[in-house]
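In: next come a sequence and a model predicted from it.
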Amino acid sequence: MTGRRPLGDKAALLAAADEVWRGLSVKDWMEAFASHPRIGERKAPQSATVQSTAWSAQEQRDADAGDDAVKAALAAGNAEYER
């Protein structure tokens with residue numbers, strides 16, 4: 001994604017993300033899912049890289065700062081995404 005910058009707008013960002021994601025193998029997808037907790041969950045798995053763990057920790061701190069409605073929306077979004 002960084003090699004595609006600058007992206008002109010949200011539509012260009014989403015199109016680039018879709019193209020990159022669809023270009024990955026199932027193994028790559030599973031690695032990404034296994035290396036990162038759902039937003040709003042506590043911590044990255046032990047198998048995560050140092051950088052991934054740091055990014056995850058920041059995301060979790062940001063999510064934790066939300067009120068109960070935000071946390072409920074994140075949980076609902078995670079469930080919908082997995083469906």
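Out: Great, that's in hand. Numbering: from 1, shown residues only.
In: where do the strands of this protein begin and end?
Out: Here the chain has no strands by DSSP state E.
In: where does it have low pLDDT?
Out: Scanning the chain for pLDDT under 70 picks out 38-45.
In: and it, what are its domains?
Out: As given by automatic domain parsing, the domain ranges for the chain are 1-25, 35-83.
In: compute the first-to-last residue distance for the first one.
Out: To tie it back to what came earlier, the one meant is domain 1-25. Separation of the first and last residues of domain 1-25 by CA to CA, to the nearest Å is 16 Å.
In: pull the residues that contact it.
Out: Residues outside domain 1-25 that contact it (CB atoms under 8 Å, 6 or more residues apart in numbering) are 29, 32. All C-beta spots, glycine's among them, are computed from the backbone N, C-alpha and C.
In: rerun at 10 Å
Out: Residues from elsewhere that reach domain 1-25 (CB atoms under 10 Å, 6 or more residues apart in numbering): 28-32.
In: quick one: which of those sit in helices?
Out: 28-32 (DSSP state H).
In: what about the residue nearest to residue 70 when sequence neighbours are not counted, neighbour count?
Out: Take residue 70 and drop its neighbours on the chain: the residue closest to it by CB to CB, 6 or more residues apart in numbering is residue 63, 7.4 Å away. Neighbourhood size, residue 63 [other CB atoms under 10 Å]: 15.
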